[in-house]
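**Student:** Pasted the sequence and its predicted model underneath.
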Amino acid sequence: MSVGRSSLLVGIAGLAVGLAVGIGSYTFVYAEGGSYLKDDSKACNNCHVMNAFFANWSKSSHHHVATCNDCHTPSHSQAAKYFVKARNGYNHALAFTTGNFPDNIQITPANREVVEGQCRVCHSDVVAMIEEHAAGPEEISCVKCHRSVGHLH
């Protein structure tokens, strides 16, 4: 390969990386991405599709004791917390940019598992007592029976 051709390829690669970083940075700033690195529940309301969820959380029994992150991100490690935040941020950005999301937003199975785990962390004493007396092999689901606790439905 000639020097001129390899310089052209390096230039094109540099341009592609520059565009990706520029567009990604613009999107991050425009979407107020820095607010998602904090623990303020108002960040979850940056997108209008979350208005009803935020309003319902504001009226819920957990409003004064739990932020969105307390229920929707794992608490056992910072790495797990930020992995879930990054995964959700990417998926939300992709869905909202492409418009590819249902009108009736539903929690994903992975996020339901995180919420279930967080219920069990905060309410471990109650969960232990309930499971001690539960009949049958099926695990009891906090979010199945108490789906209106965090967000009134």
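**Tutor:** Okay, I see it.
**Student:** who's in contact with the residue positioned nearest the centre of the chain?
**Tutor:** With distances taken as C-alpha atoms, centre = their mean, Asn88 lies nearest the centre of the chain, 3.9 Å away. The contact partners of Asn88, taken as C-beta atoms under 8 Å, 6 or more residues apart in numbering, are 72, 111. (C-beta placed from N, C-alpha, C; glycine too.)
**Student:** Mind doing that once more with 10 Å?
**Tutor:** 36, 44, 72-73, 108, 110-111, 114 (C-beta atoms under 10 Å, 6 or more residues apart in numbering).
**Student:** Check those for burial and list the buried ones.
**Tutor:** With burial judged by 16 or more other C-beta atoms under 10 Å, the buried subset of these is 36, 44, 72-73, 111, 114.
**Student:** Among those residues, name the ones in helices.
**Tutor:** Among these, the residues falling in helices (DSSP state H) are 72, 111, 114.
**Student:** Redo the residues you listed as CSV? Include distance to Glu139 and pLDDT.
**Tutor:** Formatted as CSV, these follow (distance: C-beta to C-beta, whole Å; pLDDT from 0 to 100):
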residue, distance to Glu139, pLDDT
His72, 20, 93
Asn111, 18, 94
Val114, 16, 96
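**Student:** Wait, Val127 touches Cys145, no?
**Tutor:** No: using C-beta atoms under 10 Å, Val127 is not in contact with Cys145; the gap is 11.7 Å.
**Student:** where along the chain do the helices fall?
**Tutor:** Using DSSP H, the helices of the chain run over 3-30, 51-58, 68-72, 78-98, 109-122, 124-133, 142-145.
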